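[1] Compute the structure for the input listed below.
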Amino acid sequence: MQIGFYGAAGTVTGSKHLITLDNGKNILLDCGMFQGRGKATEELNLHLGFQPHEVDVLILSHAHIDHSGLIPKLVKDGFRGNIYCTPATADLCELMLADSAGIQESEAAYVNKKLLKKGKKPIEPLYGTADAERCMKQYRTINYDTPTEVLPGVEVTFTDAGHIIGSAVVNLKISEGHQTKRLTFTGDIGKYGSRILRDPQPFPQADYIICESTYGDRLHDAFGSVEKILLKVVEETCVAKGGKLIIPAFSVGRTQEVVNVLNNLEFEKKLPHIPVYVDSPMAVDATEIMRSHPECFNEDMVEYMQQDPSPFGFDRLHYVRDVADSIALNTMKGPAIIISASGMAEAGRIKHHLKNNIEDARNTVLIVGWATPSSLAGRLRNGEKLVSIYGDWYSVNADVVIMDPFSAHGDYKEMLEFLSCQKPEQVKRMFLVHGDPEVMPTWKSHLQNAGFSNITVSEYQHVYEVL
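    This is a model prediction of the structure:
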């Protein structure tokens, strides 16, 4: 058996791991899009590194675009096998891949206008809306903790990763000859004590583990109560200064977490009397999907919903779909909270809100999770005082506040807790993925201290033999 790493190796985005069995069958774990890599991003997404028609089955850990975003291209380029994931992941993919396709088409149209004026050949989008719709026909859903044969001699069981709704740890049981190998792909490991989701669940003993590394070198700050901290930021920005609180947030997971905290503050009559806007059509639809999958909620959320049946909505919360309504937010006077995608501020309506508000010292930009350092959110997170938005330079006069407790990724202690269900001496080899290069040595050291050995930091486009 071999494992080839074609994304999220030496970086965080672009998750793609190809398992080649001794009988020649190929299992692809995730098919994610590279993001926030500057000019290299387009080239990385154009070339998968393997032949799509040679992939027999795709197993998807969760719906985030850096894990699912190239599935329409995979199908467009010749993949004809089944795509296995949880029911919630399939619902989210239908929404998110259609949105991604729209972005590919609109960006290609914008570039082609310029190319045609210069008499140059137009470009093709990575994929289009029809490709996103077509790939959904190949999806097959499997519930958590339900062993399912996906190829002869290959069984998969999904356990809850606690990252976003539907996120799964992929547990493979592979029979080759007289041997049975157990390989686990962690996907993205969630946090413990989420306000909404279940904790990451224990998973079966593995022989081999492909493990994420995002926060392998740090702990989330012990801020205390998320409600108290967010309320303090709201009061300082919107009440004391009369400014706007701008929150870049991913449409799936992060937006709902922030909204739920604001909802609780409103339910407890603590939230100042100011309007709140979720300016992201996809976030609106994702919230509805989230409501339809209570099987992913933890016991506290289920109990809370008995008192408050609408944990993602209150009277002064407005979900914005229409473009004209979104544009109007930028000329609106007075304090407000605006939550908008994307979380890395690399695309979408959030860029317009930042462009129109970042130079006003009354305002605050609240960063609620990890962002690629080269992305706009990453540059703000790193304290840059001059940033480029749509080709123009803007002074960062607004306050920038970071709240990592909203992150959907566990820190290194939480990842070690997640791995504590394993007997380290029985894990023959561990491959580290989904982490920046500077993170890997520290995370590897933490794993070694926990008893794990034979740890490989996976290299991009490198193929490893697994005995």
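[2] Determine how far the last residue of stretch 193-211 lies from the first.
    This stretch, stretch 193-211, spans 21 Å end to end (C-alpha to C-alpha, to the nearest Å).
[3] Now do the helices in this structure.
    Listed in chain order, the helices of the chain (DSSP state H) span residues 40-46, 65-68, 71-76, 87-117, 129-135, 226-234, 254-267, 281-291, 299-307, 323-329, 350-357, 376-381, 412-419, 440-449.
[4] Identify the residues contacting the third one?
    Contacts to helix 71-76, defined as C-beta atoms under 8 Å, 6 or more residues apart in numbering, come from residues 28, 31, 45, 48, 52, 55, 58, 60, 83, 93, 97, 100-101, 126-128, 131-132, 134-135, 138. (C-beta placed from N, C-alpha, C; glycine too.)
[5] hmm, which of these are the buried ones?
    Judged by neighbour count, with 16 or more other C-beta atoms under 10 Å as the criterion, the buried members of the contacts of helix 71-76 are 28, 31, 45, 48, 52, 55, 58, 60, 83, 93, 97, 100-101, 126-128, 131-132, 135, 138.
[6] just to revisit the earlier point, point out the most buried one among the helices of the chain.
    Of these, the one with the most neighbours on average (mean count of other C-beta atoms under 10 Å) is helix 65-68, at a mean of 26.
[7] hey, which strand is longest across the protein?
    If each strand of the chain is counted by residues according to DSSP state E, the longest one is strand 168-176.
[8] pLDDT weak spots in this protein?
    221-224 (pLDDT under 70).
[9] list the contacts for the residue nearest in space to the middle of the chain?
    Computing the C-alpha centroid of the chain and ranking residues by C-alpha atoms, centre = their mean puts residue 64 first, at 4.0 Å. Taking C-beta under 8 Å, 6+ apart as the definition of contact, the neighbours of residue 64 are 32, 96, 164, 188, 250, 252, 253.
[10] If we use 6 Å, what do you get?
    Applying C-beta atoms under 6 Å, 6 or more residues apart in numbering to residue 64 gives no contacts.
[11] Relative to residue 8, tell me which of the helices of the chain wins on proximity.
    Distances from residue 8 to each of the helices of the chain were compared using C-beta to C-beta; the shortest belongs to helix 65-68, at 7.4 Å.
[12] gap between that closest one and the chain center?
    Using C-alpha atoms, centre = their mean, to the nearest Å, the distance from the centre of helix 65-68 to the centre of the chain it belongs to is 7 Å.
[13] do the same with stretch 94-113
    The gap between the average C-alpha position of stretch 94-113 and the chain average comes to 19 Å, counting by C-alpha atoms, centre = their mean.
[14] Please apply the same query to stretch 151-167.
    Stretch 151-167 has its average C-alpha position 17 Å from the chain's average C-alpha position, going by C-alpha atoms, centre = their mean.
[15] ok, residue 395 - contacts?
    359, 386.
[16] Rebuild the helices of the chain as TSV, extending it with distance to residue 199.
    As requested, the helices of the chain are exported to TSV (distance: least, C-beta to C-beta, whole Å):
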stretch	distance to residue 199
helix 40-46	33
helix 65-68	20
helix 71-76	28
helix 87-117	16
helix 129-135	31
helix 226-234	16
helix 254-267	15
helix 281-291	17
helix 299-307	10
helix 323-329	36
helix 350-357	30
helix 376-381	27
helix 412-419	9
helix 440-449	20
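[17] which residues touch the residue nearest to residue 230 when sequence neighbours are not counted?
    In space, not counting the residues next to it along the chain, residue 230 is nearest to residue 261; the distance is 5.5 Å by C-beta to C-beta, 6 or more residues apart in numbering. Residues touching residue 261, when contacts are defined by C-beta under 6 Å, 6+ apart, comprise 226, 227, 230.
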